[in-house]
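Undergrad: using only what follows, build the 3D model:
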Amino acid sequence: MKINRRKCTNALLVLCGLLITSGISSAQQFVESKDGVNLDDASFPWQLVIDRGKILGCIYDNKYYSLGSILVLESLPRKCEQASDRNGIWQQLSESELALFKQNIEIQQQLVRESTYIGAERINREEARLIRYLRSVKEFADKSQSR
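TA: Residues are numbered from 1 along each chain as shown. Coordinates of the predicted model:
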């Protein structure tokens with residue numbers, strides 16, 4: 001079986017472009033250090049993130065993170081970006097990105113508080129799930145009645 005190198009190269013370039021754009025579009029994705037892919041993971045498709053011997057992403061604590069991932073390192077959030085030599089590097093967030101990051105964290109914390117408390121009383125996960133379900137059923141019923 002003969003493999004056409006040009007087609008393979010073009011397919012690889014398209015795939016790398018998709019990976020890079022998906023990494024950029026998810027640039028505000030917040031990950032924790034446990035979320036990375038272990039470098040020893042043979043089931044991960046490494047051929048999709050390696051281009052001419054360079055990993056399109058960042059490595060931290062022996063784990064891989066895609067471009068655009070934000071990881072809190074030593075209490076400071078860092079973003080995985082691609083350097084001019086095509087290596088992934090962890091860079092500090094700009095002032096605007098840091099402000100958006102803090103705002104996003106505050107919103108997430110507020111949502112967690114709202115979903116796990118009724119007044120001053122803390123509720124468990126099952127109760128919170130039941131309340132979310134009841135709210136969604138009520139919202140669906142309201143939409144159905146308004147039609």
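Undergrad: quick one: average confidence on stretch 107-123?
TA: Regarding stretch 107-123, the rounded mean pLDDT is 83.
Undergrad: list the contacts of it.
TA: The contact list for stretch 107-123 (CB atoms under 8 Å, 6 or more residues apart in numbering) reads Ala128, Ile131, Arg132. Every residue, glycine included, has its C-beta placed from N, CA and C.
Undergrad: repeat the analysis, applying 7 Å as the threshold.
TA: Among residues not part of stretch 107-123, those counted as contacts by CB atoms under 7 Å, 6 or more residues apart in numbering are Ala128.
Undergrad: can you give me the end-to-end span of it?
TA: Criterion CA to CA, to the nearest Å; first-to-last residue distance in stretch 107-123 is 20 Å.
Undergrad: please spell out which residues along it are buried.
TA: Residues of stretch 107-123 classed as buried under the neighbour-count rule (16 or more other CB atoms under 10 Å) do not occur.
Undergrad: before we move on, what about stretch 67-83?
TA: Judged by neighbour count (16+ other CB under 10 Å), stretch 67-83 contains these buried residues: Leu67, Gly68, Ser69, Ile70, Leu71, Pro77, Arg78, Lys79, Cys80, Glu81, Gln82.
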